[in-house]
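Enquirer: sequence first, predicted coordinates after that:
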Amino acid sequence: MAPAWSLVLHGGSGVIDRADLKPEQDRAYRAVLARAAEAGAAVLEASGAALDAVEAAIRVLEDDPLFNAGRGAVFTADGRVELDAAIMDGATLEAGAVAGVTRVRNPISAARAVMERSPHVLLMGTGADAFAAAEGLRQVDPSYFFVERRWRALEKQLDREGLIAPTRPLGASRDESHAALAHDEGKRGTVGVVARDVRADVAAGTYTGGTTGNRSGRVGDSPLIGAGTYASNPSAAVSGTGQGEHFIRLSV
Ligand code: GLY
């Protein structure tokens, strides 16, 4: 018999070699993934919608500094955090996405608002931030997303490319309390969740800060429906992770 519901999460495509991972890092990542899975599972267990489960699980990952989404996202080459997110309802083929947002605390909820409260599928940049604010979604100063180890990763990346690092953003915290637990997953990282509820409706959501040192304004596959995110009841729910340019070219 098929399970009543199911939920699958990913925390990005960066390679984690077991030999490189300290037990406390392993525990820290698993703890956050477990919390996210539990948030989604609680929705599905109560016969809630796959769409609600996807949003609930991703919100946990975007609030945690270990993942390249929300707080803890990587920096663009000019030292900005630009966030992309998408959500899709496999029952209706409705979808919503935001690209390059800098002020909405939970972009996955902004993506959902685009889907449910606008006639559009994808909003970008300041227009997307303004839409999220008008919809009453929580706004934060861009410094909220700043994480010291991501800044160091940007400096290293730019140094490798022979480029000069930008000035540290105003208000950037030097707090490194979580840094010992973080694993260096390289340039990439994304979070994604797919779910199937008790009615057999499926949904998918994906969220990323992009790739370390990418050009400001670059949009990856995550917010592009049919590239990094897709859901359709008769087929599947999919959330991609990897170098977005490949996913876009191949309509993965
Ligand atoms: N897959 C995430 C990105 O390339 O932005």
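Expert: Yes, it's here.

Enquirer: chain center to the lowest-mean-pLDDT helix or strand in the chain: distance?
Expert: One helix or strand of the chain scores below all others by mean pLDDT, DSSP states H and E: helix 148-160, with a mean of 90. Relative to the centre of its chain, helix 148-160 is centred 20 Å away, using Cα atoms, centre = their mean, to the nearest Å.

Enquirer: are the helix or strand following that helix and the ligand in contact anywhere?
Expert: Moving toward the C-terminus from helix 148-160, the next helix or strand (DSSP states H and E) is strand 191-196. No: Strand 191-196 does not reach the ligand (Cβ under 6 Å from any ligand atom); its nearest approach is 9.0 Å. Backbone N, C-alpha and C define where each C-beta goes, glycine included.

Enquirer: sheet partners, orientation included, of strand 191-196?
Expert: Here strand 191-196 is paired, per DSSP bridges, with strand 6-10 (antiparallel), strand 202-208 (antiparallel).

Enquirer: who's in contact with the shortest one?
Expert: Outside strand 6-10, the residues that touch it by Cβ atoms under 8 Å, 6 or more residues apart in numbering are 33, 36-37, 40-41, 44, 53, 57, 61, 190-196, 239, 241.

Enquirer: tell me which residues of it are tucked away?
Expert: Buried residues in strand 6-10, counted by 16 or more other Cβ atoms under 10 Å: 6-7, 9-10.

Enquirer: next, format the strands paired with strand 191-196 as CSV and append mean pLDDT and distance to the ligand.
Expert: Output for the strands paired with strand 191-196, formatted as CSV (pLDDT from 0 to 100; distance: least, Cβ to the nearest ligand atom, whole Å):
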stretch, mean pLDDT, distance to the ligand
strand 6-10, 95, 11
strand 202-208, 95, 4
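
Enquirer: could you dump these to CSV with distance to residue 225?
Expert: Listed next are the strands paired with strand 191-196 as CSV, based on distance: least, Cβ to Cβ, whole Å:
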stretch, distance to residue 225
strand 6-10, 18
strand 202-208, 9
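
Enquirer: show me what residue of the stretch 51-200 of the chain gets nearest to the ligand.
Expert: Ranked by Cβ to the nearest ligand atom, the top residue of the stretch 51-200 of the chain for proximity to the ligand is residue 190, at 4.4 Å.

Enquirer: burial measure for that residue, as a count.
Expert: 29 (other Cβ atoms under 10 Å).

Enquirer: I'd say it and residue 206 touch.
Expert: Yes: the criterion here is Cβ atoms under 8 Å, and residue 190 meets it with residue 206 at 6.2 Å.

Enquirer: so what's in contact with the two at the same time?
Expert: 222, 228, 239-241.

Enquirer: count of neighbours near the residue nearest to residue 165 when sequence neighbours are not counted?
Expert: Leaving aside its sequence neighbours, residue 165 sits nearest to residue 155 (Cβ to Cβ, 6 or more residues apart in numbering; 4.6 Å). For residue 155, the neighbour count with other Cβ under 10 Å is 19.
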